[in-house]
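Peer 1: here is a sequence with its predicted model. Questions after.
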Amino acid sequence: MPRKDTCKRRRIVLYAVRSAEFTTSDDRQTVYIVETDHDTYLFILFTSEVERNLYLYAREEEVSDEVKENFTNLANELSFDPEAITYLPKVPVPRRLPCLAPCDCPGDAPRVPSPPRRARPPDGLPRRPYGARSAQRQGLLFRQLFEAESFTYTYLLADPKTKEAVLIDPVLETAQRDTTLVKQLGLNLLYAVNTHCHTDHITGTGLLKQLLPGCRSVISRDSGASADILIREGHALKFGAFALEARSTPGHTDGCRTYVLNDQSMAFTGDALLIRGCGRTDFQQGSPEALYRSVREKIFTLPGDCLIYLAHDYTGQTISTMEEERTLNPRLTLPLEAFVELMNNSNLPKPKQIDFAVPANLKCGVQDVAV
């Protein structure tokens, strides 16, 4: 990974590979200066609350096929459709890495032209579409489901074209409901995924495998549980044109995984990060220090408009954003020492189902369950 330096005054990240990033409360722009044997090109990845576009300052007819191939590879690395690159008139490229706002840091240079922006929604309306409708605009079929006894959210994601699907954190008592929905939508459930070994309910993966042959159970290899797939850090679960990247986020348990959609528009955080809270750390090899590092280094580093989908909520909330939790989460905005003290003195009651849920979940989807 290339070395990076940070200008703290403006939160600009300057990479040795000649790129620069500037983040404001409204948008994020990352500049890539691509050098070839014959010319130098300027790329800008622009992300705001209403759009995500990749701009190339060059005339398409003047770009050679070899250079276009390099641009395609860069776009793929950014999880961006190469066919959707917007070509704009060529502009002079600064010799030094540009800052996208004037400051007195060493990287200061003439400002890069701002890409064209779409009009913002009227005041009072959400600037980012949420939930299933938002996913549908991305070509993703998405459902958020709920189990009332343990307050557990289950998530169904699918590619409408290939019909391949993933189910995250299914519950035994609602496995039949989930099966019915999968069949009604004509989907092929590839994976039943657990974000971790739960203590408050028995996973539905074992029953789902019987009801939907071909479905495979998934859990972290660090969980100590059995499953068809013991997933590693960085592994991707692919379904159609989409994929979920597994990020290791221990602290609530040793085997917690956060699953991030390939365009980083959604993150399924399990119990590691909750809305204005986090999972407890007083059992199953829990560690407040590990949880703090996990959230700060693996989750809060996602884009601010990334939608957070959690395993549980007890107050009726269903969704949050990365920027909200980075700024408003009363636990994870604390310094590490204060967070550790808080978590170590929570004095929470023992989970009601832990004695029979954990042994069953350690067999995560390979246990025999009567249909």
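Peer 2: Thanks, I have it.
Peer 1: which residues in the stretch 201-350 of the chain form strands?
Peer 2: Using DSSP state E, counting those that start in this stretch, the strands found in the stretch 201-350 of the chain span residues 216-220, 229-231, 236-239, 242-248, 257-261, 266-270, 273-274, 277-278, 307-310, 320-321.
Peer 1: which one of those strands lies nearest to residue 339?
Peer 2: strand 277-278 (8.9 Å; CB to CB). From N, CA and C alone the C-beta is placed, and that goes for glycine too.
Peer 1: in stretch 281-293, what counts as buried?
Peer 2: Buried residues in stretch 281-293, counted by 16 or more other CB atoms under 10 Å: 281, 284, 286, 287, 288, 290, 291, 292.
Peer 1: quick one: which of those is nearest residue 309?
Peer 2: The closest of those, once distances to residue 309 are taken by CB to CB, is residue 291, at 18.2 Å.
Peer 1: so what pLDDT did that closest one get?
Peer 2: What the model reports for residue 291 is a pLDDT of 97.
Peer 1: next: residue 351.
Peer 2: Confidence score, pLDDT, at residue 351: 79.
Peer 1: ok, it - contacts?
Peer 2: 199, 200, 283, 357 (CB atoms under 8 Å, 6 or more residues apart in numbering).
Peer 1: out of the residues you listed, flag the one nearest to residue 192.
Peer 2: residue 357 (16.4 Å).
Peer 1: let me know the secondary structure of the closest one.
Peer 2: What DSSP: H, G, I helix; E, B strand; the rest coil gives for residue 357 is helix.
Peer 1: can you tell me how far it sits from residue 263?
Peer 2: 34 Å (CB to CB, to the nearest Å).
Peer 1: these two: which has the busier surroundings?
Peer 2: Neighbour tally, residue 357 and residue 263, criterion other CB atoms under 10 Å: the higher count belongs to residue 357, 20 against 17.
Peer 1: wouldn't that one be in contact with residue 194 here?
Peer 2: No. If you go by CB atoms under 8 Å, residue 357 and residue 194 don't touch, sitting 11.7 Å apart.
Peer 1: rewinding a little: just the contacts of residue 351: which are in helices?
Peer 2: Among those, DSSP state H puts residue 357 in helices.
Peer 1: make CSV from the contacts of residue 351 and add distance to residue 231 to it.
Peer 2: Listed next are those as CSV, based on distance: CB to CB, whole Å:
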residue, distance to residue 231
199, 20
200, 22
283, 22
357, 21
